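Novice: Quick one, what's the 3D model for this:
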Amino acid sequence: MTTTGNSGTRGSHAAAPLAHPLLTEVAHQACHAGAAGAAAITRAQPTWVEHQVLAASGDPQLLDDLDVPAREAFATGAPVITRTAATCLLVLDGEGAGTLTLLRPRLRRGAPLRECLTRLTDLATEALRASEAERRLAETMSASVGSLASLLDLRDGYTGQHSDSVVALCEQVASRMGVVGAELEHLRIGAHLHDLGKIGVPDAILHKPGPLDPTEWSIMREHPVWGARALEAVPGFRPAARAVRGHHERWDGGGYPDGLAGAAIPVAARIIAVCDAYAAMTSTRPYRPALPATEARERLVSGTGTQFDPAAVWGLLDALA
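Specialist: Prediction:
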């Protein structure tokens, strides 16, 4: 949701992003403390012309009429109070600003309302700073994943393209298995970088046009371990590292590198395993042509309960259907 920042001009609105839970709680508290019909927390764009609504509580019809005062109205730092609203400026240590607006506050005007706004301003400012810090961390993590994926693509173009396909399939399966929030983000990272360890596999093995011999297989089977070790060194990537390490485990315990079985395998690794296998089977490789989609699906079914988690298989089959 966005709204214009020109006083007296009603904002244009679009779909709001998923609200940060801390900001949502503050919006609820503000609505209650100010006895308001609605409350909204916004993040100002650099020009102040538009504001993104980050969290809101109360009457949706009132929120549709949200109008943030012009930047000049906050010149003294005091809240801007009109007949129908009270708006506070939230300052973010030189990195921008936001606002907290109470719509139709029923709290008595004068000292009671101003004291309430002072308390809410401090609370909302800290919540907005916390959400901004998390947003910047998420952007840093996303950039790190992109850099590592680009490096992998330079090392082996097929692996980079293959990873993109695996990510898309994993997202479809995750939605059917109830994987959401942070767990979904870790799955995406793991899916993007599940073959990161192949950077350490010699070209003669990685691009061999025929079957690998036992010695070559022993080297190739190390790639989940190498990829996981690389990701474990990145703060915040440990859950994704576990998914990378486990994506060649089998449901029956016959996989590698740790011989995990069933629910002991991280759910992200189980999803990646199924999607990785399908994407590989339906791709042309130096040693074989791509399999028809029908045959690839039949092989997934035949491996259900032995190689693959049944829930992940049926999730993928449903997505493909």
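Novice: residue closest to the middle of the chain?
Specialist: The chain has residue 185 as the residue nearest its centroid, 4.3 Å off, counting by CA atoms, centre = their mean.
Novice: Please name every helix or strand in contact with the helix or strand where it lies.
Specialist: Taking DSSP states H and E as the definition, one finds residue 185 inside helix 181-192. Judged by 3 or more CB pairs under 8 Å, 6 or more residues apart in numbering; DSSP states H and E, helix 181-192 is in contact with helix 111-155, helix 157-177, helix 238-246, helix 267-281. (Each C-beta comes from the backbone N, C-alpha and C, glycine too.)
Novice: Of all the ones you listed, which one is nearest residue 260?
Specialist: The closest of the helices and strands packed on helix 181-192 to residue 260 is helix 238-246. By CB to CB, the value is 6.2 Å.
Novice: tell me which residues in that closest one are buried?
Specialist: Within helix 238-246, the residues scored as buried using 16 or more other CB atoms under 10 Å are 239-246.
Novice: again with stretch 141-151
Specialist: Buried-residue list, stretch 141-151, by 16+ other CB under 10 Å: 141, 144-145, 148-149.
Novice: what does stretch 300-307 give?
Specialist: 300, 303-304, 307.
Novice: what does stretch 263-271 give?
Specialist: 265-271.
Novice: what do you get for stretch 69-89?
Specialist: Buried residues in stretch 69-89 (16+ other CB under 10 Å): 69-71, 73-74, 79-81, 85-89.
Novice: Mind listing residues that contact that stretch?
Specialist: With contact meaning CB atoms under 8 Å, 6 or more residues apart in numbering, stretch 69-89 is reached by 5-7, 34, 44, 48, 67-68, 97-105, 109, 113-114, 117, 120-121, 124.
Novice: immediately after the top strand by length along the chain, which helix or strand?
Specialist: Counting by DSSP state E, the longest strand found in the chain is strand 50-58. For strand 50-58, the succeeding helix or strand toward the C-terminus, using DSSP H and E, is helix 60-64.
Novice: tell me what that next one is packed against?
Specialist: By 3+ CB pairs under 8 Å, 6+ apart, helix 60-64 packs against strand 38-44.
Novice: Which neighbours in the sheet does the strand it packs on have, and how are they oriented?
Specialist: Strand 38-44 sits in its sheet next to strand 50-58 (antiparallel), strand 97-103 (antiparallel), going by DSSP bridges.
Novice: Tell me which of those is the most buried.
Specialist: Ranked by average neighbour count under the criterion mean count of other CB atoms under 10 Å, these are headed by strand 97-103 at a mean of 26.
Novice: How far does that strand sit from its chain's centre?
Specialist: Distance, stretch centre to chain centre, for strand 97-103: 26 Å (CA atoms, centre = their mean, to the nearest Å).
Novice: and if you look at stretch 124-139?
Specialist: 15 Å.
Novice: mind listing what's buried in it?
Specialist: For stretch 124-139, by 16+ other CB under 10 Å, it's 124-125, 127-129, 131-132.
Novice: I'd like to know which helix or strand in the protein has the lowest mean pLDDT.
Specialist: The weakest-scoring helix or strand in the chain, judged by mean pLDDT, DSSP states H and E, is strand 2-4 (a mean of 55).
Novice: could you give the angle of the helix or strand just after that strand to strand 50-58?
Specialist: Moving toward the C-terminus from strand 2-4, the next helix or strand (DSSP H and E) is helix 21-33. With axes from the mean of the first three to the mean of the last three CA atoms, to 10 degrees applied, the angle from helix 21-33 to strand 50-58 works out at 60 degrees.
Novice: mean confidence score for helix 21-33?
Specialist: Here helix 21-33 scores 91 as its mean pLDDT.
Novice: How about stretch 220-228?
Specialist: Regarding stretch 220-228, the rounded mean pLDDT is 96.
Novice: Check stretch 208-217 too.
Specialist: 90.
Novice: Buried residues in it, which are they?
Specialist: residue 216.
Novice: roughly how far is that stretch from the heart of the chain?
Specialist: 37 Å.
Novice: cool, stretch 194-203 as well?
Specialist: The answer for stretch 194-203 is 25 Å, by CA atoms, centre = their mean.
Novice: likewise stretch 248-255?
Specialist: 28 Å.
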